[in-house]
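[1] Structural data only, the sequence is not supplied:
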């Protein structure tokens, strides 16, 4: 395991050396608030377990408090709530992802991207401070304990899908040209009005430049969401020195483009329509992989009901459900060139939004949420411990 871990660090060093901007340039150009480690200890009650919002492969996220005007850290319970992400101290990968978040969220601003407030770089400590998203992740609402996360109505699901699509479209535009690379329901966060914000840019990459059609990179992400052309289309060789021996380690590499994100969006849209996970080994044989199981039903109006979440009955017209399913199917095309652009997906989803649906959905959510004390509200960044890995 140590050999593999050190090899991973070696390979990542090869990638970081291709980054055109240095760490100092990234930090200086970000215009973010700089926090000391001591300040963030105060803001989170010394990173108390009571303030933990979630954990992942990167580390843990804590609830913290800062002054609304000066943005200085304050004692818990005063000021405004934030989410403080503390990266694991061991290994190079955590630092690389910390820097990637600052590189992108420190420069990119959009209503559908989570706001990065500041960072801490002190000795071995790497932390980030974000705006707090009161209703947590879309993953929680779709798949977590139903007594705590009541099922989202059709109108809100379509609103969330549109917001996520707008966020990706912004990243993909000609000026920005960023590939998100790890689009999934746990990286879609919701504020108190169910507005969508994309989070977790640790694996994001700049898109291809010049006459290059794609970016060749190590295959990373989450199983079930990755596009087929991104999975093991090549290899990378890395030599490492360990225990007085030289090892040659081979890694799979993939072709990464904006169309890779669009495939992932198709998977997420299908999860929203079906209420099923992209991969669920607890399902019967033949239903483990959502895309493989659902595709035959998506083009048939008489069979599409087999895919749609039974908790959504009576909330949508069959015509709109069919249009949403067709859009998901287009995003899931095996050939990247057959997938739509993200701005085209936005236009299609805008046509599925109806104010009447949103009013009914919001009223239903208010009725459900009124039964839950405010202290029991879901919180942001609740992710599984292995949220990111090679696929």
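    The structure has been received and is ready for your questions. Being a predicted model, the structure only gives us computed values, none of them experimental.

[2] From what I see, residue 184 and residue 264 are in contact.
    Yes - using CB atoms under 8 Å, residue 184 is in contact with residue 264, at 6.8 Å. From N, CA and C alone the C-beta is placed, and that goes for glycine too.

[3] what's around the nearest residue to residue 152 once chain neighbours are set aside, how many residues?
    If you skip the residues right next to it in sequence, residue 152 has residue 141 as its closest partner in space, 5.0 Å away by CB to CB, 6 or more residues apart in numbering. By the criterion of other CB atoms under 10 Å, residue 141 has 24 neighbours.

[4] Same check on residue 40?
    Around residue 40 there are 26 residues (other CB under 10 Å).

[5] Now do the contacts for it.
    Going by CB atoms under 8 Å, 6 or more residues apart in numbering, residue 40 touches 64, 73, 84, 86, 120, 127, 129.

[6] tell me which element it is part of?
    helix 37-43 (DSSP states H and E).

[7] Check residue 118 too.
    strand 116-122.

[8] Contacts made by that strand with the rest, please.
    With CB under 8 Å, 6+ apart as the criterion, strand 116-122 contacts 27, 30, 32-37, 39-40, 66, 71, 82, 98, 101-102, 105-106, 126-131.

[9] So for that strand, what gets flagged as buried?
    116-121 (16 or more other CB atoms under 10 Å).

[10] after it, next one along is what?
    Counting by DSSP H and E, what follows strand 116-122 is strand 125-131.

[11] quick one on the thing from earlier: partners of the strand holding residue 118 in the sheet?
    Strand 116-122 has its sheet partners listed here by DSSP bridges as strand 33-34 (parallel), strand 125-131 (antiparallel).

[12] coming back round to it: quickly run through the sheet partners of the next helix or strand after the helix holding residue 40, with directions.
    Downstream of helix 37-43, the next assigned helix or strand under DSSP H and E is strand 52-56. With DSSP bridges as the test, strand 52-56 is paired with strand 59-66 (antiparallel).

[13] same for the host helix or strand of residue 164, what does it pack against?
    Here residue 164 sits within helix 154-172, counting by DSSP H and E. For helix 154-172, the packing partners by 3 or more CB pairs under 8 Å, 6 or more residues apart in numbering; DSSP states H and E come out as strand 178-179, strand 188-190, strand 196-198, helix 258-274, helix 342-350, helix 355-369.

[14] To residue 153, which of the ones you listed lies closest?
    helix 355-369 (3.8 Å; CB to CB).

[15] taking the mean pLDDT, what do you get for the closest one?
    In this model, helix 355-369 has an average pLDDT of 53.

[16] what's the answer for stretch 40-60, then?
    90.

[17] Repeat that for stretch 274-288.
    pLDDT averaged over stretch 274-288 gives 94.

[18] and if you look at stretch 109-128?
    On average, stretch 109-128 scores 95.

[19] just how off-centre is that stretch within its chain?
    15 Å (CA atoms, centre = their mean, to the nearest Å).

[20] Going forward, the N-terminal residue is numbered 33.
    From this message on, residue numbering opens at 33, which makes the last subject stretch 141-160.

[21] Next, the distance between the ends of that stretch.
    Start-to-end span of stretch 141-160 (CA to CA, to the nearest Å) is 16 Å.

[22] Over to stretch 355-370?
    So stretch 355-370: terminal residues 17 Å apart, CA to CA.

[23] Present the buried residues of strand 148-154 as JSON lines; the columns should include distance to residue 260.
    Below are the buried residues of strand 148-154 laid out as JSON lines (distance: CB to CB, whole Å):
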{"residue": "148", "distance to residue 260": "32"}
{"residue": "149", "distance to residue 260": "38"}
{"residue": "150", "distance to residue 260": "39"}
{"residue": "151", "distance to residue 260": "36"}
{"residue": "152", "distance to residue 260": "39"}
{"residue": "153", "distance to residue 260": "38"}
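
[24] Among the residues you listed, which one sits closest to residue 348?
    Taking the buried residues of strand 148-154 together and measuring to residue 348 by CB to CB, the closest member is residue 148, at 35.5 Å.
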